[in-house]
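Colleague: Sequence and predicted structure are below.
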Amino acid sequence: MKRAYSPKEIAKRTYKTLPFGGKWAAAFGSPEENSTWFISGASASGKSSFVMQLAYELTHYGQVLYLSYEEGLNQSFQERMLRFDLDKKQGWFRVVTSDTVEDLTERLKRRHSAKFIIVDSFQDAGWEWPETKVLLETFPKKSFIFISQEAKGQPLGKPAVRLRYRAGVKVRVVGFRAYCQGRFNPDAGNSFVVWEEGVLRTTNNF
């Protein structure tokens, strides 16, 4: 029979959290280092720019591996990488474009492998929910950040819907603002401004 935990045992547990500060803490609180993130948003909402800014922030806490399935290494990906100074993060930021789940599993088993894994996008990765669940359970000390496409304001595909329920940090990017909808949300009214000029344009507040 599997173990049952008492309230006292649970209360004594400690968790290693991301030491966010400033606008990151205001929008996302202090999530666990190994949290699963689920980031969604419509096309042209600022989602990709937000993810690059998040990747830069995470390089302060560990190595970031970016799985660029949707864009590969095209010009727009390159421009965003340069715009948010990730070219200055040599040794802390790496990009792959065609890893299968099996390839990624082998990569993450290596010593000194990445702590944060960004999957962009989950739909273009082509993974089903069972193999995604196995991946998360195989590497419980790592943080997976999944980027999801949307259809009519909802995650595209049943595997993405299942994944969203599993994620501890849920983020939706709307009008160049990223809103935390997950368990670590410090204030439902807060948001992370992805692009100030874009916010002004979408709100007609010039």
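Modeller: Nice, thanks for sending it over. Numbering: from 1, shown residues only.
Colleague: where do the helices sit along the protein?
Modeller: 7-12, 22-28, 47-58, 75-83, 101-108, 122-125, 129-138, 158-166, 196-203 (DSSP state H).
Colleague: Which elements pack onto the shortest one?
Modeller: Packing partners of helix 122-125 (3 or more Cβ pairs under 8 Å, 6 or more residues apart in numbering; DSSP states H and E): strand 143-148, helix 158-166. For the C-beta atoms, the positions are set from N, CA and C on the backbone; glycine is no exception.
Colleague: show me what contacts the nearest residue to Gly91 once chain neighbours are set aside?
Modeller: Distances taken as Cβ to Cβ, 6 or more residues apart in numbering put Gln63 closest to Gly91, at 7.6 Å, once the chain neighbours are dropped. Applying Cβ atoms under 8 Å, 6 or more residues apart in numbering, we find Gln63 in contact with 91-94, 112-116.
Colleague: List only those of these flagged as buried.
Modeller: When those are checked for burial by 16 or more other Cβ atoms under 10 Å, the buried set is 92-93, 113-116.
Colleague: looking at the sheet around the residue positioned nearest the centre of the chain, what are its partners?
Modeller: Using Cα atoms, centre = their mean, the residue of the chain that lies closest to the mean C-alpha position is Ile145, 2.8 Å off. Beta bridges link Ile145 to Trp37, Ile118, judged by DSSP bridges.
Colleague: contacting residues for it?
Modeller: 36-37, 39, 51, 54, 116-119.
Colleague: Out of those, which is nearest to Pro140?
Modeller: Closest approach between those and Pro140, by Cβ to Cβ: Thr36, at 10.1 Å.
Colleague: Got the confidence number for Gly175?
Modeller: Confidence at Gly175, expressed as pLDDT, is 89.
Colleague: Test my guess that it contacts Lys47.
Modeller: No. Using Cβ atoms under 8 Å, Gly175 is not in contact with Lys47, being 11.1 Å away.
Colleague: more neighbours, the two?
Modeller: The residue with more neighbours, out of Gly175 and Lys47, is Lys47; 25 against 17, by other Cβ atoms under 10 Å.
Colleague: For that one, which non-adjacent residue is closest in space?
Modeller: Gly41 is the one closest to Lys47 (Cβ to Cβ, 6+ apart), at 3.8 Å.
Colleague: The one you found: neighbouring residues, count only.
Modeller: Gly41 has 26 neighbours, counted by other Cβ under 10 Å.
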